[in-house]
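>>> Prediction below, plus the sequence it came from.
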Amino acid sequence: EAALEAIEEKKRGGRLPEGLIRTVVEGYTAGEIPDYQMSALLMAIFIRGMDYGETLALTRAMAESGERYSFPECVDKHSTGGIGDKISLTSLPVVAACGAPVAKLSGRGLGYTGGTVDKLEAIPGFTCALDRERFERQVREIGLAIVEAGELAPADRAIYALRDATGTVDSLPLIGSSIVSKKAATGAGHLLYDVKCGSGAFMHTLEEARGLADLLVRLSTSLGIRAAALITEMDQPLGSAIGNSLEVREALRFLRGERVAGDLDALAREIAVRLLQLKGVEEPERQVEEAISSGAAYEKFREFVRAQSGDDRALEHLEVSDEITEVCAPAGGYLRRAEAIKLGRAALALGAGREKKGDEVDPAVGLEVCAKVGDRVEAGQTLALIYGARNLRRAAELAEDAFEIAPEPVEPIPAILGSVW
Ligand code: URA
């Protein structure tokens, strides 16, 4: 029987043939292979690993486990998950306004990391539950559509839930096949991965991040997708806002050409430029600048919001909590640390994310971080604003603990740490 055969082979460190991998993935998705066998196999893979050929076979089988779309002319991006990461909200309207169509798959928040679907749902009426016909029409007519997984790569959804419950998430072949299978099923022909690196990310070291970036690009290329990756900083949150309405508000500032934190401004522009480069667009920097300064990117975002049933008139006054608490610098000096994971946990405690599956998300809560690593700070200066009152004591403790001030000057952290191009 296939599942047992695969477990026996992998537990001894053997290699799984492509046909066996496919049979197991199909059997599990169809409910014919029980969770206990799949769990045992995932743990064997976690411990023994998979070579590139096996990982590609797993990716392909998961990509083909449900519906498959095809948008060879479109671009998509994927972040491996961070805190305050509103790059999809900022870069993609810019790229679409430059004439590169976007067909994107997005997810919800996972633990203390945010998800684009939750952020967009902070806009009244907004939905990512588009059926195939509506998604295709919107890509054609507006050049920007974001859909939730739905019927795409159902094997990944089932396997991911099992991994989450069996301690088998942090395995390179399992992460790589999970991410790339969903993206391949969505079908965009040009794909940029934003692999986050640092204490607030899955990948803590540059070496680990590079390993994942290489694998994502290689798997995508093998599946006929033009792909590249950036490795970007996630020791401190990206930009200022953490939390759903607050992040949409910050993204709107960027799209209107207003001043935002330097790391967000730099990365949002860089990702837009790189996506245009993947499409072979000439003079991408100039196009990106024009899309922002002319208001075209902002208008594209509004058009996209209306198309996905959102109220674009509500964008200028999204609800944020009026219960605001300041976190102040205990001493003067230079900001050495603004630890993303602690600030992400503070946002989670306030209700910005889900502690467990099925929890309600409160779009109005979160934090605004007012200083970046390397900034000079005065004693008593505001380091962060906390929006919301749920678990306020814990959120405030986490936020206070996230900051460290040094007496001597501190180097700012670069937003981009490397690339696979
Ligand atoms: N994100 C995914 O989609 N899958 C993983 O396995 C990890 C992060």
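Okay, I see it.
>>> how about the residues of the stretch 301-421 of the chain that lie near the ligand?
The interface of the stretch 301-421 of the chain toward the ligand, taken as Cβ under 6 Å from any ligand atom, is empty, with no residues included. C-beta: built from backbone N, CA, C; applies to glycine.
>>> and R306, how many neighbours?
R306 is flanked by 15 other residues according to other Cβ atoms under 10 Å.
>>> element containing it, please.
Taking DSSP states H and E as the definition, R306 sits inside helix 296-307.
>>> quick check: mean pLDDT across that helix?
Throughout helix 296-307, pLDDT has a mean value of 98.
>>> Averaged pLDDT, the very next helix or strand once past it. What do you get?
Once helix 296-307 ends, the next helix or strand along the chain (criterion: DSSP H and E) is strand 324-328. In this model, strand 324-328 has an average pLDDT of 98.
>>> Report the distance from strand 324-328 to the chain centre.
A distance of 28 Å separates the centroid of the chain from that of strand 324-328, by Cα atoms, centre = their mean, to the nearest Å.
>>> ok, now stretch 255-263?
Going by Cα atoms, centre = their mean, the spacing between the C-alpha centre of stretch 255-263 and its chain's C-alpha centre is 20 Å.
>>> List of residues touching it?
Contacts with stretch 255-263, where a contact means Cβ atoms under 8 Å, 6 or more residues apart in numbering, come from 90, 93-94, 233, 236, 238-240, 250, 253-254, 265, 292-293, 295, 297-298, 301, 372, 413, 415.
>>> First-to-last residue distance for that stretch?
Length of stretch 255-263, first residue to last, Cα to Cα, to the nearest Å: 15 Å.
>>> May I see the buried residues of it?
By neighbour count, and taking 16 or more other Cβ atoms under 10 Å as the criterion, the buried residues in stretch 255-263 are L255, V260, A261, D263.
>>> Dump those to a markdown table, plus pLDDT and distance to the ligand.
Formatted as a markdown table, those follow (pLDDT from 0 to 100; distance: Cβ to the nearest ligand atom, whole Å):
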| residue | pLDDT | distance to the ligand |
| --- | --- | --- |
| L255 | 98 | 26 |
| V260 | 98 | 26 |
| A261 | 97 | 25 |
| D263 | 97 | 22 |
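>>> Looking at those, spot the one nearest H190.
Distance ranking of the buried residues of stretch 255-263 against H190, using Cβ to Cβ, places L255 first at 21.7 Å.
>>> How about that closest one: what's its closest non-neighbour residue?
Y298 (4.2 Å; Cβ to Cβ, 6 or more residues apart in numbering).
>>> same check, this time on D76
Using Cβ to Cβ, 6+ apart and skipping the chain neighbours, the partner closest in space to D76 is A188 (3.6 Å).
>>> Phi, psi for that neighbour please.
phi -60, psi 140 (degrees, to the nearest 10).
>>> Can you give me the domain boundaries for this protein?
Under automatic domain parsing, the residue ranges defining each domain of the chain are 2-49, 71-315, 324-406.
>>> deepest of those, which one?
Among the domains of the chain, the stretch with the highest mean neighbour count (mean count of other Cβ atoms under 10 Å) is domain 71-315, at a mean of 21.
>>> related to what we said a few turns ago, redo the buried residues of stretch 255-263 as CSV? Include secondary structure.
CSV is the format used below for the buried residues of stretch 255-263 (DSSP: H, G, I helix; E, B strand; the rest coil):
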residue, secondary structure
L255, helix
V260, coil
A261, coil
D263, helix
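>>> Among the residues you listed, which one sits closest to E270?
Top of the list for closeness to E270, among those and by Cβ to Cβ, is D263 at 10.5 Å.
>>> Get me the contact residues on the stretch 151-300 of the chain for the ligand.
Applying Cβ under 6 Å from any ligand atom, we find that the stretch 151-300 of the chain lies next to the ligand at Y160, V169, L174, I175, S178, I179.
>>> Excluding sequence neighbours, find me the nearest residue to the fourth one.
Sequence neighbours aside, L212 is the residue nearest to I175 in space, at 6.6 Å (criterion: Cβ to Cβ, 6+ apart).
>>> Of all residues in this structure, which one is closest to the ligand?
S178 (3.5 Å; Cβ to the nearest ligand atom).
>>> mean confidence score for the helix or strand hosting A347?
Under the criterion DSSP H and E, the helix or strand holding A347 is helix 340-350. Helix 340-350 shows a mean pLDDT of 97 in the predicted model.
>>> Stretch 36-53 too?
Averaging pLDDT along stretch 36-53 yields 98.
>>> What lies in contact with it?
Contacting residues not belonging to stretch 36-53 are listed as 3-4, 6-7, 10-11, 13, 15-16, 18, 24, 28, 58, 159, 162-163, 166-168, 171-174, 218 [Cβ under 8 Å, 6+ apart].
>>> Out of those, which sit inside helices?
In this view, the contacts of stretch 36-53 that belong to helices under DSSP state H are 3-4, 6-7, 10-11, 18, 24, 28, 58, 159, 162-163, 166, 172-174, 218.
>>> Please, where are all the helices along the stretch 151-300 of the chain?
Assignment of helices within the stretch 151-300 of the chain using DSSP state H, counting those that start in this stretch yields the ranges 154-166, 172-186, 206-222, 244-255, 262-278, 284-293, 296-307.
>>> helices and strands of the protein: which one has the lowest mean pLDDT?
Lowest by mean pLDDT, DSSP states H and E among the helices and strands of the chain is helix 154-166, with a mean of 93.
>>> Helix or strand: which one has the residue nearest to E148 when sequence neighbours are not counted?
In space, not counting the residues next to it along the chain, E148 is nearest to C128; the distance is 4.2 Å by Cβ to Cβ, 6+ apart. Here C128 sits in a region with no helix or strand, counting by DSSP H and E.
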